[in-house]
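Colleague: Quick one, structure for this:
(one chain, ligands or ions: 1)
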Amino acid sequence: MNIVITGAGKGIGLELSKLFVENNHNTIAISRNINTLKKIDNPFLRPISFDLTSVDYSDLLEFMSKELGSIDILINNAGLLINKNFNNLTDADFDTIFNTNVKAVFKLTQTVLPLFNKNAHIVNISSMGGVQGSSKFPGLSLYSASKGAVSILTECLAEELKEEHISVNALALGAVQTEMLENAFPGFKAPISAHEMAKYIYEFALTGHKYYNGKVLPVSSSTP
Ligand SMILES: NC(=O)c1ccc[n+]([C@@H]2O[C@H](COP(=O)([O-])OP(=O)(O)OC[C@H]3O[C@@H](n4cnc5c(N)ncnc54)[C@H](OP(=O)(O)O)[C@@H]3O)[C@@H](O)[C@H]2O)c1
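Modeller: Here you go, the predicted model:
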C-alpha cells in the first residue's frame, strides 16, 4: 500500500511511520524536522521536510507523485498545541493553531485528491478535547476548538468523497505519552505510549473503512 503520514518526525507519527515501513508499505513521512526519520534505514520510507502551514504545496505534490504515484492511506496526524489561558492567547496563536491543525488538513487533502486510489482511507487525528460534551481543560481552548473543526470537516468530507470511493474518519485521541501531552498536562502520565497508540491507528487505517465512514471515534481510556 502507499501511505502518507504527516507529523512523522516524532511522537505518534514517528511510531506510525516505523510500523508502516516495517510492514513493507511505501510511506511518505512529512515533518519539518526529519532528523530522526533520516536515521531509519528502510527502503520503504521516504521522509520529506515540509512545513504544512506553507502557502505553496506544489513541491510536495510533485514529490508525492514521483515517489508514490498514488495513495491508499492519508493520515493527517500533524498537530500543534499552545497551552495558554484564553485571556493571553493572541491572533498569532490563533493563526498558528488553526493553520496547522485545520487548514493543513484541508490543503493537503485537497492537494492529494487526484492521487487517491479507489477505496482509499483518510484518517484525521483529532482529540477528545474536540468532542462535544467531553471534559474540557483550561489553557486548551483554541487547540480543542481546532480539533472540533477537524472532526466536523471529517464528517463533511466523507459525504463529499463517498461517490469517489474514498472513506474519511477521525480518531479523537485521549492522552498519549508524547511531548504534546507533557505540554498540555505537565507531569501527567498517560496510560498509552506513542507506540501503543500507533499500533491502534495502524490497524484502523488499514481496515477501519470497511466498517466506518464519516465517523469521529473516541480512542481514550482516561481523563485527560
Ligand atoms: N499526545 C496526546 O495525548 C494527544 C491527544 C489527543 C490528540 N493528539 C493528536 O495526535 C497527533 C500527534 O500528536 P503527538 O502527541 O504525537 O504530538 P508531537 O509529539 O508534538 O508531534 C507532532 C508532530 O506534528 C508535526 N508538526 C507540527 N507542526 C507542523 C507543521 N507546521 N508542518 C509539519 N509538521 C508539523 C511535528 O513535527 P515538526 O515539528 O518536525 O514539524 C511532529 O512530528 C496530533 O494531531 C495531536 O493533536 C495527541
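
Colleague: Give me the longest strand you can find in the protein.
Modeller: Longest strand of the chain, by residue count under DSSP state E: strand 116-127.

Colleague: Against which helices or strands is the helix or strand just after that one packed?
Modeller: Using DSSP states H and E, the helix or strand that follows strand 116-127 towards the C-terminus is helix 141-161. Under the contact criterion of 3 or more C-beta pairs under 8 Å, 6 or more residues apart in numbering; DSSP states H and E, helix 141-161 touches helix 91-98, helix 104-112, strand 116-127, strand 166-173, strand 216-219. Placement of C-beta: from N, CA and C, glycine included.

Colleague: Contacts for helix 141-161 next, please.
Modeller: 76, 79-83, 86, 89, 93-94, 97-98, 101-102, 105-106, 109, 122, 124-127, 129-132, 136-137, 167-170, 172, 184, 213-216 (C-beta atoms under 8 Å, 6 or more residues apart in numbering).

Colleague: Give the members of the residues you listed that are also in contact with the ligand.
Modeller: Gly79, Leu80, Ile125, Ser127 (C-beta under 6 Å from any ligand atom).

Colleague: that older thread, what average pLDDT does the longest strand of the chain get?
Modeller: Strand 116-127 carries an average pLDDT of 98.

Colleague: Columns mean neighbour count on top of the helices and strands packed on helix 141-161, output as JSON lines?
Modeller: What follows is the helices and strands packed on helix 141-161, written out as JSON lines (neighbours: other C-beta atoms under 10 Å):
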{"stretch": "helix 91-98", "mean neighbour count": "14"}
{"stretch": "helix 104-112", "mean neighbour count": "19"}
{"stretch": "strand 116-127", "mean neighbour count": "22"}
{"stretch": "strand 166-173", "mean neighbour count": "25"}
{"stretch": "strand 216-219", "mean neighbour count": "18"}
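
Colleague: Report pLDDT for the residue nearest to the spatial centre of the chain.
Modeller: Geometric centre of the chain, nearest residue: Asn77, 1.3 Å, by C-alpha atoms, centre = their mean. Note for Asn77: predicted pLDDT of 98.

Colleague: Helix, strand, or coil at Tyr212?
Modeller: Following DSSP: H, G, I helix; E, B strand; the rest coil, Tyr212 is assigned to coil.

Colleague: and it, how many neighbours?
Modeller: For Tyr212, the neighbour count with other C-beta atoms under 10 Å is 17.

Colleague: Just give the closest residue to it, not the sequence neighbours.
Modeller: Asn169 (5.1 Å; C-beta to C-beta, 6 or more residues apart in numbering).

Colleague: List the contacts of that neighbour.
Modeller: Counting by C-beta under 8 Å, 6+ apart, Asn169 has contacts 121-124, 154, 158, 204, 208-209, 212-217.

Colleague: With respect to Tyr57, which of the helices and strands packed on helix 141-161 lies nearest?
Modeller: Distance to Tyr57, taken as C-beta to C-beta, is lowest for helix 104-112 among those, at 4.6 Å.

Colleague: tell me the average confidence for the closest one?
Modeller: When pLDDT is averaged along helix 104-112, the result is 98.

Colleague: Give me the sheet partners of the regular element (helix or strand) spanning Asp72 and which way each runs.
Modeller: If you go by DSSP H and E, Asp72 is part of strand 71-76. Next to strand 71-76 in the sheet, as set by DSSP bridges, lie strand 2-6 (parallel), strand 116-127 (parallel).
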